[in-house]
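**Student:** output the structure for:
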Amino acid sequence: NSQHHLCKAELFYIFYEERITMMFRSLGSQFAVSSQKLFSSRIVVNGKVAKKRFDETLLERKTMSRLLSSNVPAMTSSDGVVGTPINFDVASKIEGNESQIVTIKLLPGEVLRAESGAMMYMTEGVTMNTTTGGGMSAGFQRWLTGQNVFISDYQYEGQEGTSGTVALGTDFPSKILRLSVGEYGGKIICQQGALLCASHTIDIEVEFTKNLTSGFFGGEGFVLQALKGDGDIFVKAGGTLIRRDLDEDEELRISSGCLVGFTEGVDYDVQMIPGIKNAIFGGEGLFITTLKGAGTVWLQGQPPQRMIGEIARRVPGGGPGIAIPIGGGSGADGKGGSETGGNAQ
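**Tutor:** Got it, this is the predicted structure:
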């Protein structure tokens with residue numbers, strides 16, 4: 001009976017890895033006891049450690065499931081990179097709370113395209129190839145959208161049946177949001193520099209704001225980034241991440257800089273805040289961003305520009321001739337440094 005519980009728990013864990021603890025509790029105390037035995041490295045079943053046997057079985061079944069799910073033809077990106085699409089449902093894992101990272105397991109033949117400089121670590125067998133992604137014109141186009149001129153492609157060159165791992169982090173404490181571009185009509189428009197990594201079949205294109213007012217006062221600049229293609233993207237957002245689904249002709253007014261992205265069909269514009277007192281004392285400036293139309297909008301509660309501005313505002317400005325002591329602090333004649341050194345010895 002105990003082994004029967006272990007087998008059922010083993011099957012459940014494969015398909016509901018993140019919910020296994022809650023499920024065991026809901027099924028009763030007998031399953032809870034079995035789960036504790038299952039994960040304990042000190043409980044021996046038939047002369048073997050239960051945890052080791054379970055981990056090996058789990059890894060084998062998840063690898064086979066991954067191989068079956070990824071049995072699709074290779075696809076070619078716009079710049080000629082050939083690779084098998086990654087099944088991010090199985091391969092990706094977002095970790096952390098306020099400052100998140102994403103780890104992605106790569107099988108042979110798969111290609112992950114990421115922002116250059118975002119890599120935390122990569123395991124043995126994973127190779128990195130940094131290019132402009134289609135020539136200097138494509139690199140310049142990405143630079144206009146807030147990305148780097150160069151991009152990095154990660155591939156795993158190990159044996160069949162094995163996998164490698166790539167971990168990516170953000171340049172600012174951020175949440176990471178995964179989106180499937182195909183589910184939103186094949187195009188998602190994001191703020192500048194929002195993209196962290198994506199399928200190699202995703203293209204970054206320039207999306208211009210429709211008027212000068214939106215460019216000057218919308219908080220996102222004249223250029224947004226349009227992410228197009230067939231695949232998944234991982235974008236960055238500061239602070240709390242919010243999703244809003246807008247109905248036809250519904251209007252949402254947001255503070256400048258809080259926009260992460262929106263789907264095609266949403267109209268992006270800027271309006272002046274009504275009322276002189278609101279404009280002067282409201283703290284939001286003279287203009288506010290408006291989003292109108294049927295579609296989905298993603299917002300961030302802590303735009304990086306806002307935090308940077310607050311930090312800069314609190315940094316005391318030193319006038320000319322004011323010396324700031326650093327470390328031991330040597331005097332103008334250099335005696336201070338030698339005295340400090342003598343005391344240290």
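**Student:** going forward, measure contacts and count neighbours with C-alpha atoms only.
**Tutor:** Noted.
**Student:** so where is the stretch 101-250 of the chain shaky, pLDDT-wise?
**Tutor:** Flagging of the stretch 101-250 of the chain using pLDDT under 70 yields the residue ranges 209-222.
**Student:** just the strands in it please.
**Tutor:** Assigned by DSSP state E, counting those that start in this stretch, the stretch 101-250 of the chain shows strands spanning 101-106, 111-115, 119-122, 126-131, 151-156, 164-169, 175-180, 187-190, 195-199, 202-208, 223-229, 232-237, 241-246.
**Student:** mind putting those strands into a markdown table with distance to Pro316 and mean neighbour count?
**Tutor:** Below are the strands of the stretch 101-250 of the chain laid out as a markdown table (distance: least, CA to CA, whole Å; neighbours: other CA atoms under 10 Å):
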| stretch | distance to Pro316 | mean neighbour count |
| --- | --- | --- |
| strand 101-106 | 33 | 22 |
| strand 111-115 | 34 | 23 |
| strand 119-122 | 34 | 16 |
| strand 126-131 | 40 | 15 |
| strand 151-156 | 37 | 22 |
| strand 164-169 | 31 | 20 |
| strand 175-180 | 30 | 20 |
| strand 187-190 | 34 | 23 |
| strand 195-199 | 33 | 25 |
| strand 202-208 | 37 | 19 |
| strand 223-229 | 33 | 22 |
| strand 232-237 | 29 | 24 |
| strand 241-246 | 32 | 14 |
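**Student:** can you put the ones you listed in a markdown table and add distance to Ile308?
**Tutor:** Formatted as a markdown table, the strands of the stretch 101-250 of the chain follow (distance: least, CA to CA, whole Å):
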| stretch | distance to Ile308 |
| --- | --- |
| strand 101-106 | 21 |
| strand 111-115 | 22 |
| strand 119-122 | 23 |
| strand 126-131 | 30 |
| strand 151-156 | 26 |
| strand 164-169 | 19 |
| strand 175-180 | 17 |
| strand 187-190 | 20 |
| strand 195-199 | 20 |
| strand 202-208 | 25 |
| strand 223-229 | 20 |
| strand 232-237 | 15 |
| strand 241-246 | 19 |
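**Student:** Gln159: what's it in contact with?
**Tutor:** Counting by CA atoms under 8 Å, 6 or more residues apart in numbering, Gln159 touches Pro108.
**Student:** next one: it from Pro108, what distance?
**Tutor:** Applying CA to CA, to the nearest Å, the value for Gln159 to Pro108 is 7 Å.
**Student:** Leu224 now?
**Tutor:** Leu224 sits at a distance of 34 Å from Pro108 (criterion: CA to CA).
**Student:** swap in Ile94?
**Tutor:** 22 Å.
**Student:** now swap in Thr201 and tell me
**Tutor:** Applying CA to CA, the value for Thr201 to Pro108 is 17 Å.
**Student:** looking at those two, which is more packed in?
**Tutor:** In this view Thr201 and Pro108 are compared by other CA atoms under 10 Å, and Thr201 has more residues nearby, 24 against 19.
**Student:** and the strands of the stretch 101-250 of the chain: which comes nearest Pro303?
**Tutor:** Checking the strands of the stretch 101-250 of the chain against Pro303 by CA to CA gives strand 232-237 as the closest, at 7.5 Å.
**Student:** list the beta-bridge partners for Lys93.
**Tutor:** Per DSSP bridges, the residues bridged to Lys93 are Thr103.
**Student:** wait, isn't Cys197 in contact with Glu115?
**Tutor:** Yes - at 6.0 Å, Cys197 counts as touching Glu115 under the criterion of CA atoms under 8 Å.
**Student:** all helices for the stretch 1-150 of the chain, in order.
**Tutor:** Taking DSSP state H, counting those that start in this stretch to define them, one finds helices in the stretch 1-150 of the chain at 2-15, 20-27, 29-39, 50-69, 88-91, 136-144.
**Student:** residues contacting the residue lying closest to Tyr156 once chain neighbours are set aside?
**Tutor:** Distance criterion CA to CA, 6 or more residues apart in numbering; nearest residue to Tyr156, sequence neighbours excluded, is Val126 at 4.3 Å. Val126 sits next to Tyr154, Gln155, Tyr156, Glu157, Gly158, Gly164, Thr165, Val166 when contact means CA under 8 Å, 6+ apart.
**Student:** re the thing from before, so which of the strands of the stretch 101-250 of the chain is nearest Pro73?
**Tutor:** strand 111-115 (13.1 Å).
**Student:** tell me the strands beside the closest one, with direction?
**Tutor:** strand 151-156 (antiparallel), strand 195-199 (antiparallel).
**Student:** dump the contacts of Val126 to TSV, plus distance to Val181.
**Tutor:** Formatted as TSV, the contacts of Val126 follow (distance: CA to CA, whole Å):
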residue	distance to Val181
Tyr154	20
Gln155	22
Tyr156	24
Glu157	27
Gly158	29
Gly164	25
Thr165	23
Val166	22
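**Student:** tell me how far Met307 lies from Lys93.
**Tutor:** Using CA to CA, we find Met307 at a distance of 27 Å from Lys93.
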